[in-house]
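1. requesting a structural model of the entry that follows:
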Amino acid sequence: MATDSADVFRRLESEQAGYLEELKDYLRIPSISTDPAYSDDVHKCAEFVKDQLVAAGLEADIVSTDRYPLIYGEWLGARDKPTILFYGHYDVQPPDPIDEWRNPPFEPTEEGDLLVARGATDDKGQSFAHIKAVAAILAERGALPVNVKFLIEGEEESGGESIERFVRERGAEKLACDAIVVSDSSMFAPGRPSLLYGLKGLAYMELRVDGPNRDLHSGTFGGAVANPANALAYIISQLLDHQTGKVRIPGFYDQVLPLEDWERKAFAALPHDEDAYRAELGIAATFGEEGYSTLERSWARPTCDVNGIFGGYQGEGAKTVLPAWAGAKVSMRLVPNQDPDNIARLFADYVESIAPVGVRVSVSWNHGADPVLIDAKGPLVEVAMAAQEDVWGHKPVLIREGGSIPIVGTFSEVLAVPVLLMGFGLSDDRLHSPNEKFNISHFYNGIRTTVRLLDRAADI
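-> Residues are numbered from 1 along each chain as shown. The predicted structure is shown next:
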């Protein structure tokens with residue numbers, strides 16, 4: 001019989017408003033890891049996380065790296081009980097475009113049940129729920145029902161190289177555990193919890209097209225000199241077949257693991273409302289690889305997308321130039337059996353092979369992540385699903401996710417324990433977009449779910 005969590009839940013009811021204010025303080029720190037201008041803020045945020053772990057009752061340290069620090073914390077006082085490792089990240093995406101935010105992105109704003117701020121759901125709000133759950137149990141009981149460890153990083157949004165190195169070099173000893181809990185994803189729908197068993201991988205590329213040694217007058221030189229912006233547009237147009245939605249890169253699909261019949265049936269049985277999906281996004285129609293549903297494309301088929309295009313004149317009014325160069329950032333989301341290194345090579349070879357004459361093309365690989373497919377079975381998986389059902393009132397569904405969490409594959413490989421991908425966010429949380437939000441009720445229920453998980457895990 002699982003330990004009753006009513007005592008901790010009562011404490012949560014009386015203290016949750018304070019937890020929300022602490023989360024707001026966390027969100028006010030602009031910990032943008034991709035922009036060196038925010039380096040001091042990222043380090044400040046690491047200190048904030050360490051202080052929160054210490055205040056919760058854990059032993060915690062900042063682990064220096066070549067870039068941004070990791071925060072490690074532990075409480076190991078539950079003899080002969082399982083150990084749960086919680087992972088999260090304290091860095092956030094840049095807030096651009098700023099003018100599309102209803103309020104300043106680093107000033108958390110309550111809008112009914114919504115808390116709007118950069119990092120609210122990705123991943124500060126979700127992973128902070130783990131910390132507050134442990135804090136509430138220790139405050140109420142003086143001890144935890146199981147052992148816990150925390151590893152929280154500051155580079156998830158910029159490649160995750162430091163945590164990758166730490167896990168491979170020190171993880172087997174320092175992070176030994178029975179399961180890993182990651183809350184950095186979405187529930188299937190409001191009130192419908194989920195357990196993820198698949199994440200896409202990533203190959204993030206940057207390409208640059210160079211032409212003349214300076215910007216040229218488009219009247220004097222137009223028609224005589226290749227325009228790098230035009231060449232870039234051509235290259236981009238050749239990445240996808242816009243009739244079939246398939247990626248044109250030779251060899252791109254060679255290693256793709258097909259969806260199994262049971263998965264296609266399970267996805268089709270989920271209550272996905274295509275009309276509501278289009279309406280929420282403000283689009284007239286969905287688009288993607290032919291022969292697959294929206295959920296199948298999003299969760300289990302590889303993609304290639306341009307994330308940004310730059311070069312040439314972009315100010316007010318007109319400036320008639322042939323730009324000296326133009327560039328683009330491109331991400332490819334990968335599925336099981338696709339190798340990011342191989343896909344990056346295929347991309348570079350293809351782009352160079354189709355480059356128009358008169359320009360020079362250079363391709364660089366920004367960062368990548370392996371796709372992950374988890375065997376969602378075993379007693380701790382059952383515990384996680386039962387904890388979700390206890391709190392949300394519905395049995396969780398097993399789903400995949402189109403996003404990437406780079407370290408999850410490494411955790412699986414090095415630690416060889418179940419990874420419980422248990423998100424509290426929603427697909428409309430606008431992560432990576434202006435007006436990112438996290439439902440306040442989901443923050444509180446995330447804390448409750450974590451409490452139930454720890455209490456139930458004690459009975460294994």
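2. where do the helices sit along the stretch 151-300 of the chain?
-> Remark: helices assigned in the stretch 151-300 of the chain by DSSP state H, counting those that start in this stretch are 161-174, 218-221, 228-237, 261-269, 274-281, 294-300.
3. can you redo these as CSV with distance to residue 13?
-> In this view, the C-beta of every residue, glycine as well, is placed from N, C-alpha and C. Output for the helices of the stretch 151-300 of the chain, formatted as CSV (distance: least, Cβ to Cβ, whole Å):
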stretch, distance to residue 13
helix 161-174, 35
helix 218-221, 67
helix 228-237, 53
helix 261-269, 36
helix 274-281, 32
helix 294-300, 36
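4. could I get those helices as TSV with mean pLDDT?
-> Listed next are the helices of the stretch 151-300 of the chain as TSV, based on pLDDT from 0 to 100:
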stretch	mean pLDDT
helix 161-174	96
helix 218-221	96
helix 228-237	98
helix 261-269	95
helix 274-281	94
helix 294-300	97
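5. deepest-packed of those, please.
-> helix 294-300 (a mean of 21; mean count of other Cβ atoms under 10 Å).
6. give me the buried positions along whatever helix or strand comes next after that helix.
-> Helices and strands here follow DSSP states H and E; after helix 294-300, the next one along the chain is strand 303-310. Neighbour-count burial for strand 303-310, counted by 16 or more other Cβ atoms under 10 Å, picks out 303, 304.
7. now do strand 303-310, average pLDDT.
-> Mean pLDDT, strand 303-310: 97.
8. from residue 10, how far out is residue 389?
-> For residue 389, the distance to residue 10 equals 21 Å [Cβ to Cβ, to the nearest Å].
9. now for the helices of the stretch 151-300 of the chain, which one comes closest to residue 382?
-> Among the helices of the stretch 151-300 of the chain, the nearest to residue 382 by Cβ to Cβ is helix 261-269 (18.0 Å).
10. give me the residues contacting that closest one.
-> The contact list for helix 261-269, computed with Cβ atoms under 8 Å, 6 or more residues apart in numbering, reads 293, 295, 296, 299, 300, 398, 399.
11. of the helices of the stretch 151-300 of the chain, which is nearest residue 206?
-> Closest approach to residue 206 among the helices of the stretch 151-300 of the chain is made by helix 228-237 (11.8 Å; Cβ to Cβ).
12. thought residue 455 was touching residue 5?
-> Yes. Judged on Cβ atoms under 8 Å, residue 455 makes contact with residue 5 at a distance of 5.0 Å.
13. so those two - more neighbours on which side?
-> Remark: of residue 455 and residue 5, residue 5 carries more neighbours, 24 against 21, as counted by other Cβ atoms under 10 Å.
14. and the more buried one, what's its pLDDT?
-> Confidence score, pLDDT, at residue 5: 97.
15. what about it, distance to residue 398?
-> Residue 5 is 24 Å from residue 398, by Cβ to Cβ.
16. strands of the stretch 51-200 of the chain, start to end?
-> 59-63, 70-75, 83-89, 109-111, 114-116, 147-153, 179-182, 194-199 (DSSP state E, counting those that start in this stretch).
17. got the buried residues for the fourth one?
-> Along strand 109-111, the positions that meet the burial threshold by neighbour count (16+ other Cβ under 10 Å) are residue 109.
18. with the first one instead?
-> Neighbour counts over strand 59-63 (16+ other Cβ under 10 Å) mark 60, 63 as buried.
19. can you tell me which of the strands of the stretch 51-200 of the chain comes nearest to residue 259?
-> The nearest among those, by Cβ to Cβ, is strand 194-199 at 10.0 Å.
20. farthest-separated two in the contacts of helix 261-269?
-> Longest span within the contacts of helix 261-269, Cβ to Cβ: 293 and 398, 16.5 Å.
21. just to revisit the earlier point, quick one, which of the helices of the stretch 151-300 of the chain is nearest to residue 137?
-> helix 161-174 (23.1 Å).
22. show me how far that closest one is from its chain's centre.
-> Distance, stretch centre to chain centre, for helix 161-174: 20 Å (Cα atoms, centre = their mean, to the nearest Å).
23. equivalent analysis for stretch 426-443, please.
-> Distance, centroid of stretch 426-443 to centroid of chain: 13 Å (Cα atoms, centre = their mean).
24. mind showing which ranges of the chain have poor pLDDT?
-> Applying pLDDT under 70 to the chain flags residues 1-2.
25. per the record, what domains does it have?
-> The record's domain parsing of the chain by automatic domain parsing lists 6-199+372-457, 201-256+302-369.
26. and residue 12, which of the three is it?
-> State at residue 12, reduced to three classes by DSSP: H, G, I helix; E, B strand; the rest coil: helix.
27. count the neighbours of it for me.
-> Applying other Cβ under 10 Å, I find that residue 12 has 20 neighbouring residues.
28. between the contacts of helix 261-269, which sits nearest residue 260?
-> Distance to residue 260 across those (Cβ to Cβ) is lowest for residue 300, with 9.7 Å.
29. which one of residue 389 and residue 10 has more residues nearby?
-> Higher neighbour count among residue 389 and residue 10: residue 389, with 15 against 12, using other Cβ under 10 Å.
30. excluding its backbone neighbours, what's nearest the more buried one?
-> Spatial nearest neighbour of residue 389, chain neighbours left out: residue 395 (5.0 Å); criterion: Cβ to Cβ, 6 or more residues apart in numbering.
31. closest to residue 217 out of the strands of the stretch 51-200 of the chain?
-> Nearest of these to residue 217, taken as Cβ to Cβ: strand 114-116 at 46.4 Å.
32. what's the spacing between residue 431 and residue 401?
-> Between residue 431 and residue 401 the computed distance is 12 Å (Cβ to Cβ).
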